[in-house]
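Participant: any chance you could fold what I've pasted below:
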Amino acid sequence: MVAELRALGLTEITEKRILENRHGNFRDSEIRHDILHVTQGLFQNEDDDNDDSGTDYFNGDKAGTLLLRAEHVGDVVLPDTFQTNQLLYYERFKAYQDYMLGDCKTSEVRTFTADYLEKVVEPCDWQALWCTDVFDVLVEVVDVDYAEMKAKVELVLPLQCERKGCELTEDAMKDLLEATQHKVPLLELHVVFDESGDFDQTALALEHLRFFYKHIWRKWDEEDEDDDFDYFVRCVEPRLRLHYDVLEDRVPAGLVAEYHALLGRCAEKFQEFSSLRNGISSDSESELDNVSMVEGLRMCEQMEAMKRKLRIIENPLLRYVLGYRVNSGHQTCSAKGPRSTGVRVVHVVSASMTVCQLQNLMADKLCPDFSREEFELQFYSDPLPALSACYEGDTVIICPGHYHVTSSISIPDSIQLEGYGLPDEVVIEKKSKGDSFIGTTGANIKISNLKFIQHDAIEGILCVRQGKLEMENCVLQCETTGVILRTSAQLSMNMCDLYGSKGAGVEIYPGSVCSLVGNGIHHCKEGILIKDFADELDTMPKITMINNVIHNNEGYGVILVKPSDDPQLRKPGAQATGEMEENTKGKGDPESGELKGEGEGGPVPLIMVEECHTPTHDADPPEFTEGNDAIKRELEATSAKKRRLQKSRAREAGVTQADDNLLSQEMFVSIEGNQFRRNGKGSFGTFLY
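Facilitator: The predicted structure follows:
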């Protein structure tokens, strides 16, 4: 038996499943699913000399269908269909790349699709459910128009129909079909389940067609001016990857909402533009048509801006470094402010407490700091209810223990959150999925002496969205991204230990204020990621980095994301480059070119980074000082470039120049004493886009 299976080219796993099935250990459906993949591999390349379309990957001596049955759910009994909507990423990828689209251009998509359908879809004599928003009805296909992607159908009598909020009779359905010349879109047909296996290819082909026009194709694709690119590489692959990343919870919910909102706005704008364009006469020189042409050009510019943002989100690399700049889609609690009574509450969290522990807590914390009449005391066994009950000025004290939380923690008010004990003794662990573990928007928040353990979060372990956060003596065990500091927010992180991030340990956005003193950042993909976007209104962050130890990271200790002087590298999907710190010397010449962005022109805040002359000692290894110098050089160059752009715009507008010395003092950055050890690509690098 084993020899016969291997002669067919089956994998050892499939052999084992089939043999064990003889003893009743596996279901028949599981074996058929394995054989489905094996037969695809066996037959997709046969007869290449005669036909390279790859459409024979289901051919062979079929013992029956290799697809599963999807039972119809509804009030009316209708036939079951093939289950095809649960295909894996690589199955759809291979179908579009090898069989449906190949290397076609955008203008050739419809032709290639029609050729694909002609080779795999049965031309007649198969039944399907015609599914619309108002009814599902059983029909029989008598002919297929592949170019129009429509099928000629006849009703199966007696009428088998499920009505969705309307009354349809047999005569009404016949009248409807006559009005459409008995032609219905292939997208609306679902093949009735057949155990013979003769219609497997047809069912899969219609599924690929439906998915393509629902999730991949955009109405404006065919009007792209650059028609020389490979449509699959430029559009299909990134959109398909994004779809499955969203399904597998690898994209923040806010970014998903932003993407769908952009799609909706772009579709509306394209519809308006098409209507306007159709109303303009080609040979007319009337004033009304001239106004319409100007309006059409404005719409084109708006659509191009939205399409650029869509491409950034669709590209996995640019999605990470550029895509998620704002808090769109995040539902955060609003600040409560102080209590009207003026009372401030101390929330004590403890799973269990002995009398001795309570006495120690009273002596060490409660009596010295909170003995005044304005304070009240409340006890909890879970951190989440305690944080939810907080008003401005409250304090949450968490006693030693391991606390498990199932939802994200949002802190909108100015409070203090501290652990009573060492960080390893006071642990808060998040089990469930979510965009971030902790999000802060309060004006002045302090967190100390706690250990946070993150699992399955998408955005990061901690995100400072607004306001100011001070962290001291905390441990952050990450699984995705570490600490994220948004634009205009402030972070002071002292004596903390952060590790395990699959992205950057700390992400610093433009316009933020970040102070990192005495921290350990290690075993992440990148240590610290500083983002300098191309928008003219983006200001450099104010960064203080003193005596941090940044070590054992996969990439760089510190990496700066910034636009390239080469305009070709600024296009979405361009190749980004990282450079070792030795190669960053001399880069970022202020005279090397202007920055471009999508924002409207306007005054740009001036930023001058003062050089911090760090005394060097002969005993110090070179990597302890070179990394600090490289960071300062690159930040100076980037700041000077933006300063030059602002001066240029000010001269063009006839605006009096600002006081450089005053602004340079405000924007002072201190970077010294940091140690860089055993980082995979070096102490400092740049990411150009």
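Participant: give me phi/psi at the residue positioned nearest the centre of the chain?
Facilitator: Geometric centre of the chain, nearest residue: V251, 3.0 Å, by CA atoms, centre = their mean. Note on V251: its backbone torsions stand at phi -130, psi 130 [degrees, to the nearest 10].
Participant: excluding chain neighbours, what is closest to it?
Facilitator: The shortest distance from V251 to any residue other than its chain neighbours is 5.0 Å, reached at D245 (CB to CB, 6 or more residues apart in numbering). To be clear about C-beta, it is placed using only N, CA and C from the backbone, and glycine gets the same treatment.
Participant: sec struct for the one you found, please.
Facilitator: Three-state assignment for D245 (DSSP: H, G, I helix; E, B strand; the rest coil): helix.
Participant: how far away is it from P316?
Facilitator: Distance, D245 to P316, by CB to CB, to the nearest Å: 8 Å.
Participant: sketch out the low-pLDDT regions of the stretch 501-650 of the chain for me.
Facilitator: 533-538, 564-626, 642-650 (pLDDT under 70).
Participant: go again with 50.
Facilitator: The stretch 501-650 of the chain contains residues with pLDDT under 50 at 567-620.
Participant: rewinding a little: wait, the residue nearest to the centre of the chain sits on Y244?
Facilitator: No. Judged on CB atoms under 8 Å, V251 makes no contact with Y244 at a distance of 10.0 Å.
Participant: shared neighbours, those two?
Facilitator: Residues touching both V251 and Y244 (CB atoms under 8 Å, 6 or more residues apart in numbering): there are none.
Participant: in the stretch 1-150 of the chain, mark out all the strands, start to finish.
Facilitator: 68-70, 81-83, 126-131, 135-145, 150-155 (DSSP state E, counting those that start in this stretch).
Participant: looking at those, which is nearest to V483?
Facilitator: strand 81-83 (43.4 Å; CB to CB).
Participant: and the contacts of the closest one?
Facilitator: The contact list for strand 81-83 (CB under 8 Å, 6+ apart) reads 65, 67-70, 72, 128-129, 190-193, 199-200, 203-204.
Participant: now the element after the helix or strand C300 falls within, going C-ward?
Facilitator: C300 is part of helix 287-314, with elements assigned from DSSP states H and E. The helix or strand immediately downstream of helix 287-314 is helix 316-318, counting by DSSP H and E.
Participant: surely F676 meets H551?
Facilitator: Yes. F676 is within contact range of H551, at 7.0 Å (criterion: CB under 8 Å).
Participant: neighbour count: the two, which is higher?
Facilitator: Counting neighbours by other CB atoms under 10 Å for F676 and for H551 shows that F676 has the greater number, 27 against 17.
Participant: what separates the more buried one from K431, distance-wise?
Facilitator: For F676, the distance to K431 - CB to CB - is 34 Å.
Participant: can you pull the pLDDT of the residue nearest to V251?
Facilitator: pLDDT for D245: 87.
Participant: that one contacts P252, doesn't it?
Facilitator: No. Applying CB under 8 Å as the test, D245 and P252 come out as separate, 10.5 Å apart.
Participant: higher neighbour count, these two?
Facilitator: Using other CB under 10 Å as the criterion, D245 and P252 rank with P252 on top: 26 against 16.
Participant: next one: phi and psi at the more buried one?
Facilitator: With angles defined as degrees, to the nearest 10, P252 sits at phi -60, psi 140.
Participant: with the one 4 residues further on instead?
Facilitator: Main-chain torsions, V256, degrees, to the nearest 10: phi -60, psi -40.
Participant: how many neighbours does it have?
Facilitator: V256 sits with 19 neighbouring residues when counted by other CB under 10 Å.
Participant: my read: it touches V246, true?
Facilitator: Yes. With contacts defined as CB under 8 Å, V256 counts as touching V246 at a distance of 5.5 Å.
Participant: what's stretch 144-160 in contact with?
Facilitator: For stretch 144-160, the external contacting residues (CB under 8 Å, 6+ apart) are 76-79, 113-115, 117-118, 121-124, 127-128, 130, 137-143, 169-170, 173-174, 177, 181-187, 189, 209.
Participant: and those, which are buried?
Facilitator: Buried members of these, scored by 16 or more other CB atoms under 10 Å, are 78-79, 113, 115, 117, 121, 127-128, 130, 137-141, 173, 177, 182, 184-186, 189, 209.
Participant: would you list every one of the strands in the stretch 301-450 of the chain?
Facilitator: Here the stretch 301-450 of the chain has its strands, by DSSP E, counting those that start in this stretch, at 344-349, 375-380, 395-398, 401-405, 409-411, 416-419, 426-430, 434-440, 445-448.
Participant: buried ones among the contacts of strand 81-83?
Facilitator: Buried positions within the contacts of strand 81-83, assessed by neighbour count (16+ other CB under 10 Å), are 65, 67, 70, 72, 128-129, 190-193, 199-200, 203-204.
Participant: tell me which of the residues you listed is nearest to Y89?
Facilitator: L204 (15.2 Å).
Participant: the closest one: what's its closest spatial neighbour, skipping adjacent residues?
Facilitator: T84 (5.9 Å).
Participant: could you check the pLDDT of that neighbour?
Facilitator: 92.
Participant: many thanks, I have nothing further to ask.
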